[in-house]
Every structure is written in structure tokens, then in C-alpha cells.
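Chemist: can't give you the sequence, but here's the structure:
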């Protein structure tokens, strides 16, 4: 009985503690949400201001393109997929990483895309070919089963016919003439 009383008092203390913890936690969350004011992110520095600096400084902004011969930091021409040669030749353009040649990047991505497309086409052709071969095998198997069933049916029918003929002979009902029943002696 004492154990039950101690357990109940411990449970009530735990319940009180958990309620207080939830209230305290909700109070902290509400105050931190109210205290946070959205701070605007600093506007990115225009690419043109980073011209005549270094490639690394220019490419800190993802929207910038570095042209090596002119040491110009240019906004990437997003209207074109590739920067036109009037802006900067592909071989001299850097975007993302200074060590990465834009022309090499395009060629590499194109080769990888081509290899992936060819691999997908080959896989599709192989799957279709295997499927057709599987269907031919399935059709041949079904045809063999049908022939075997027909042969079994013919064999059973001829066996049954032989048994019926034997029974007819045994009881004198031989069926030599189809009209023999009509000629009863």
C-alpha cells in the first residue's frame, strides 16, 4: 500500500514537472519568434564592379562570368544558354570554378549525356529483344502443351472407343453395321 502511495506521488510530481516544462518551452518559442525580425540579405555586388580583380572574387557570385583575356567580370547572359562569342569566347570563359574551362565543361557534359542516352537506348533494345524472345519461347511452350493435350485427348478417346468395342463384343452387341440394332433376330 505504501508503494502505491509513493508511486502516485511520484507520478503527480512527474506530471507537474512535464506540464511546467511544456509551458516553459512554449513561452521560450513564442518569445524567440517574436524577437526575430526578418533581416534582408545583403544585395549581391554587381558583377561589373568585380572586373579587373581576380577570377575567384568574380565567381563568388553565381550569376557572374569571368572572361580571362579582358579580366572582365560579366553577368552571365541567362537569355542565352551559352554566352555568345561577342561577350567572351567559350575557351576563355570561366563560370562556377576558375580552373574549369567552359568549353571543356560543355563538351564533357555533352559526351556524358550522349553516353547515358546511348546506354538507355541499348538497355531498351535489349529488354525489348529479351521480351520478344521470351514471348516466342512462351508461345512455343503453349503450342507444345496444346499439341500434347490434343494427342492425349485422341489417345484417351481411342482407348475409350476400344473399351466400348470390347464390351460390345463381350455382350454380343458388335457394331459392324450401324443399323444392326434394327435387325434384331
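Modeler: Perfect, thanks for sending it. Being a predicted model, the structure only gives us computed values, none of them experimental.

Chemist: just checking, what's the longest helix in the protein?
Modeler: When the chain is parsed with DSSP state H, its longest helix is helix 102-170.

Chemist: packing partners of it?
Modeler: Counting contacts by 3 or more C-beta pairs under 8 Å, 6 or more residues apart in numbering; DSSP states H and E, helix 102-170 packs against strand 93-94. Every C-beta, even on glycine, is put in place using the N, C-alpha and C of the backbone.

Chemist: so what touches the strand it packs on?
Modeler: By C-beta atoms under 8 Å, 6 or more residues apart in numbering, the list of residues contacting strand 93-94 from outside reads 55, 59, 65, 66, 67, 68, 83, 87, 100, 101, 102, 103.

Chemist: so who does the second one touch?
Modeler: By C-beta under 8 Å, 6+ apart, the residues touching residue 59 are 66, 94, 95, 96, 97, 98.

Chemist: below-threshold pLDDT in this protein: ranges please.
Modeler: In the predicted model, the chain carries pLDDT under 70 at residues 1-44, 129-135, 174-185.

Chemist: still on that earlier bit, closest to residue 79 out of the contacts of residue 59?
Modeler: Distances from residue 79 to these, taken as C-beta to C-beta, are shortest for residue 95 (15.3 Å).

Chemist: surely that closest one is in contact with residue 67?
Modeler: No - taking contacts as C-beta atoms under 8 Å, residue 95 lies outside contact range of residue 67: 10.2 Å.

Chemist: could you list the domains of the protein?
Modeler: For the chain, automatic domain parsing gives the domain ranges 47-100, 102-174.

Chemist: which of those domains sits most buried?
Modeler: Among the domains of the chain, judged by mean count of other C-beta atoms under 10 Å, the one packed with the most neighbours on average is domain 47-100 (a mean of 15).

Chemist: and that domain, how far apart are its ends?
Modeler: End-to-end distance of domain 47-100: 19 Å, with C-alpha to C-alpha, to the nearest Å as the criterion.

Chemist: still on that earlier bit, show me the contacts of strand 93-94 that map onto helices.
Modeler: Helix and strand membership here follows DSSP H; of those, those in helices are 55, 102, 103.

Chemist: alright, I will stop here.
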